[in-house]
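Asks: model the following, please.
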Amino acid sequence: MSTKQTRIIATLAVAGLAATAHAQYTTGITKPVFGVNQPEAFFNEGDDNTFLFDIETDLGIPATAPGFTGLAGDDANRRFFATVRNGPNDDVYEFSYDDLLNPVKLVETQDAMGGDVSIDGLAFDSSTGVLYGTRTLGSAGQPEGLFAIDLTTGVLTLVLDYQDTAFSITIGGIDYNADDGLIYLVDDDADGGRFIYSVDPTNPTGLTEVVRLPSNITDVDGVAAGAGKVFLLTDNANANDGVHHIYDLATGDFTTADSPYPAPAGSPIAPNPSGGAAFTPGLLGGSDCRADIDGDGELTIFDFLEFQNLFDSGDLTADFDGDGSLTLFDFLEFQNGFDAGCP
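Replies: Reported below is the predicted structural model:
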């Protein structure tokens, strides 16, 4: 059985990546200039980094700003979603963990009238199959808020209007946490007070304050949530102490992980890149440890409890035999996987 592992994809404007600790998430960084300092994807496990692909040249994705502006993980189905800014709207892609170099474009984001709408961050609710996006630019009559994205048409439906608050809210990073069924969002607008918030997608009546960000965290572009933590994709050495920050939901403590920024002097991405993040612990882990439900790299009683919770709630993540329904056979398949252990 393996020890707890840490994993990260980072889409960068530089080829190198500093060692990153305590992470099980993907991150994506956009850059404003084509052909200069390519945004590259990496997988990090502890202090080791594995190059995956160059977003612009290897994938050939057309974009106004090459790179990922939003990311959302669906670890149970071994995929993640990414948005790429392409003019006034975003293209939504689906990436299979097992075929990263062949993403599928799903939709272009738009309003109900077919007008272009841009999205800044993504969260995928694995229990309902709904992809959410956050919008921070409320221009052309579009509110700043949380939207559900129709993966057939690309049409956005407003779920929660941030402008209903009495102060300014700027939320560019969101992620769904399968452990508690909440979407976590980070406001980095000083007027709003800079908070980590949560929203219950089954009852999105408002933002719930989780914790105020420490004074040294001033710019958060992406959020990943899982394994009891909220990972904050923060910028370069000009802000946030030059590191990424991690909030522990149980203890209330903030810790840090090394950041790859700043970019080299004169880089067009410096000093303030933007990006997204998503919790994806199984990205390069293969499908042979599916029984590790809580994603901590170990098989324990907590995986049994998490499987039971998923099954009882009707979450098809517990559909281990893949027949589209939850039955006794799913328990047996889970038990077989658990007994086989993790490599």
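Asks: can you map out the strands along the stretch 101-250 of the chain?
Replies: 121-125, 130-135, 145-149, 156-161, 171-177, 182-187, 195-199, 208-212, 220-226, 229-234, 243-248 (DSSP state E, counting those that start in this stretch).
Asks: so D179 makes contact with V230?
Replies: No. Using C-beta atoms under 8 Å, D179 is not in contact with V230; the gap is 11.0 Å. (Glycine included, C-beta is placed from N, CA and C.)
Asks: tell me which of these two has more neighbours.
Replies: V230 (28 against 18; other C-beta atoms under 10 Å).
Asks: distance of that one from D150?
Replies: 27 Å (C-beta to C-beta, to the nearest Å).
Asks: one more: D175?
Replies: 20 Å.
Asks: who's more crowded, these two?
Replies: D175 (31 against 17).
Asks: mean pLDDT and distance to V84 for the strands of the stretch 101-250 of the chain - can I get that in TSV?
Replies: Compiled in TSV, these are given as follows (pLDDT from 0 to 100; distance: least, C-beta to C-beta, whole Å):
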stretch	mean pLDDT	distance to V84
strand 121-125	95	11
strand 130-135	94	13
strand 145-149	95	14
strand 156-161	92	16
strand 171-177	92	15
strand 182-187	95	21
strand 195-199	96	25
strand 208-212	95	29
strand 220-226	87	14
strand 229-234	84	16
strand 243-248	84	22
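Asks: can you list those in CSV and add distance to S313?
Replies: Output for these, formatted as CSV (distance: least, C-beta to C-beta, whole Å):
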stretch, distance to S313
strand 121-125, 12
strand 130-135, 15
strand 145-149, 20
strand 156-161, 20
strand 171-177, 14
strand 182-187, 14
strand 195-199, 18
strand 208-212, 20
strand 220-226, 17
strand 229-234, 22
strand 243-248, 25
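Asks: and for M113, the neighbour number?
Replies: Around M113 there are 6 residues (other C-beta under 10 Å).
Asks: ok, it to V155 distance?
Replies: 9 Å.
Asks: can you list the helices and strands that the helix or strand where L100 lies packs against?
Replies: Element membership of L100 [criterion: DSSP states H and E] is strand 99-108. In terms of contacts (3 or more C-beta pairs under 8 Å, 6 or more residues apart in numbering; DSSP states H and E), strand 99-108 is packed against strand 48-54, strand 79-86, strand 89-96.
Asks: let me know the pLDDT of the nearest residue to E94 once chain neighbours are set aside.
Replies: What sits nearest to E94 in space, not counting adjacent residues and going by C-beta to C-beta, 6 or more residues apart in numbering, is V104, at 4.9 Å. At V104, the pLDDT value in this model is 95.
Asks: V104 touches D91, doesn't it?
Replies: No. In this structure V104 lies outside contact range of D91 using C-beta under 8 Å: 10.8 Å.
Asks: so these two - more neighbours on which side?
Replies: D91 (21 against 11).
Asks: what is the more buried one paired to in the beta sheet?
Replies: V84, E108 (DSSP bridges).
Asks: what about G87, how many neighbours?
Replies: G87: 12 neighbours (other C-beta under 10 Å).
Asks: so what's it closest to, chain neighbours aside?
Replies: That would be T64: by C-beta to C-beta, 6+ apart, it lies 5.6 Å from G87.
Asks: residues touching the one you found, list them.
Replies: 85-87 (C-beta atoms under 8 Å, 6 or more residues apart in numbering).
Asks: quick check: it vs N86, distance?
Replies: From T64 to N86 the distance is 6 Å (C-beta to C-beta).
Asks: same thing with G282?
Replies: On the measure of C-beta to C-beta, G282 and N86 end up 29 Å apart.
Asks: now E209
Replies: For E209 relative to N86 (C-beta to C-beta), the value is 35 Å.
Asks: looking at the two, which is more packed in?
Replies: N86 (19 against 11).
Asks: which SS class is E298?
Replies: Secondary structure state of E298, per DSSP: H, G, I helix; E, B strand; the rest coil, is coil.
Asks: burial of it, as a residue count?
Replies: Residues near E298, counting by other C-beta under 10 Å: 17.
Asks: ok, now E306?
Replies: The number of residues near E306, taken as other C-beta under 10 Å, comes to 19.
Asks: my guess is it is in a helix, correct?
Replies: Yes. With three-state DSSP as the criterion, E306 is part of a helix.
Asks: per-residue confidence for the closest residue to it other than its chain neighbours?
Replies: The shortest distance from E306 to any non-neighbouring residue, by C-beta to C-beta, 6+ apart, is to I293 (4.0 Å). I293 carries a pLDDT score of 76 in this model.
Asks: ok, A237 next?
Replies: pLDDT, A237: 49.
Asks: make residue 1 into 32 and carry on from there
Replies: Right, with 32 as the first residue, what we last looked at is A268.
Asks: identify the bridge partners of the residue nearest in space to the middle of the chain.
Replies: Taking C-alpha atoms, centre = their mean, the centroid of the chain lies closest to A309, which sits 1.8 Å from it. When bridges are called by DSSP bridges, A309 pairs up with T57.
Asks: mind listing what it touches?
Replies: Counting by C-beta under 8 Å, 6+ apart, A309 has contacts 56-57, 102-104, 111-112, 153, 155, 206, 253, 255.
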